[in-house]
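Undergrad: Any chance you can model this:
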Amino acid sequence: MRAACPANRGLAVARLALTLAWFFAAWSAAAADATLDRDYALKTSEAALGKRPANYAFTAADGRRVELAAFRGKPLVVSFVYTGCFQVCPAATQFLKLANEKAEEVLGKNRFALATIGFNLPFDSPAAMRDFARRQGAGADNWVFLSPEAAQRDALLADFGFSHVATPKGFDHLLQATILDTEGRIVKQVYGETFAMDAFVGPLKALVAGAPLPANDLGSMIEKVRLLCTVYDPVSGVYRLDYALFAEMLGGLLVIVATALFLLQDRRRAQRRP
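TA: Here you go, the predicted model:
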């Protein structure tokens, strides 16, 4: 019985790798949800750094009229929620409550302000924001819950680099806490339902002290990579790892390996020819 030719074996491996690559690419395309473009959302968020949002007007949960310029003179942290969210927004807000408490332990009371803005109008009314704050136990003196004016909402979200997409279950949106300096410029975006406390407290501490902001470190870069590999699952209401992305990467790797094997076998055959 004749042994299989090494060249034929190499071609067989290459064909198998290409077949697997096609399978994983098809599977990942089918598994991908029509949700927020994570890469675009992150780039949009980062592009807002250094910008000063316009002086938008809001109605606070207690009915007061509030303008964004009123917060100048202190660092300001801004988060966006929609009150119809029953899991992710509440969880992120409750963690922000912990982060606010930790920052006040370090910096002292009322050294910075915190504003949570509802973006789903007309449903995120002052009454809805008041109820949302109550349910999260967010009653700190430095924290306000705001409803924007409908005519200004889109421009407001664009100025802060906040992206969202409507889905049958609600919204797929970027989880970000935006830090503004004392002059109202965006200086930091902190991502995630949870985050390292130093990523939040560190910039605020620097702003209060008038010191330069800490540079982005490896940890923040890893967090961005993790962010790009997560997706909001509207069924469970949580963010999860998007395995379709890993499948795409694996499929791409298989294509590279298959191509390399094919070229290697072709080169060996050429060398054996008289």
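
Undergrad: Number of residues surrounding the residue lying closest to residue 128 once chain neighbours are set aside?
TA: Nearest non-adjacent residue to residue 128, counting by Cβ to Cβ, 6 or more residues apart in numbering: residue 83, 4.5 Å away. C-beta: built from backbone N, CA, C; applies to glycine. As a burial measure, residue 83 scores 23 neighbours (other Cβ atoms under 10 Å).

Undergrad: what's the helix or strand for residue 83?
TA: Following DSSP states H and E, there is no helix or strand that holds residue 83.

Undergrad: Is it in contact with residue 120, as I believe?
TA: Yes - counting by Cβ atoms under 8 Å, residue 120 is a contact partner of residue 83 at 7.0 Å.

Undergrad: picking that back up, which residues are in contact with the residue nearest to residue 128?
TA: Going by Cβ atoms under 8 Å, 6 or more residues apart in numbering, residue 83 touches 89, 118, 120, 123, 124, 128, 129, 131, 132.

Undergrad: pLDDT score for residue 84?
TA: In this model, residue 84 is scored at 89, pLDDT.

Undergrad: Contact partners for it?
TA: 120, 123, 170.

Undergrad: Specify the local secondary structure of residue 204.
TA: The three-state assignment at residue 204 reads helix, by DSSP: H, G, I helix; E, B strand; the rest coil.

Undergrad: pretty sure it is touching residue 75, no?
TA: Yes - using Cβ under 8 Å, residue 204 makes contact with residue 75 at a distance of 5.4 Å.

Undergrad: so what sits against both of these two?
TA: Common neighbours of residue 204 and residue 75 (criterion: Cβ under 8 Å, 6+ apart): 111, 112, 179.

Undergrad: Alright, that wraps it up for me.
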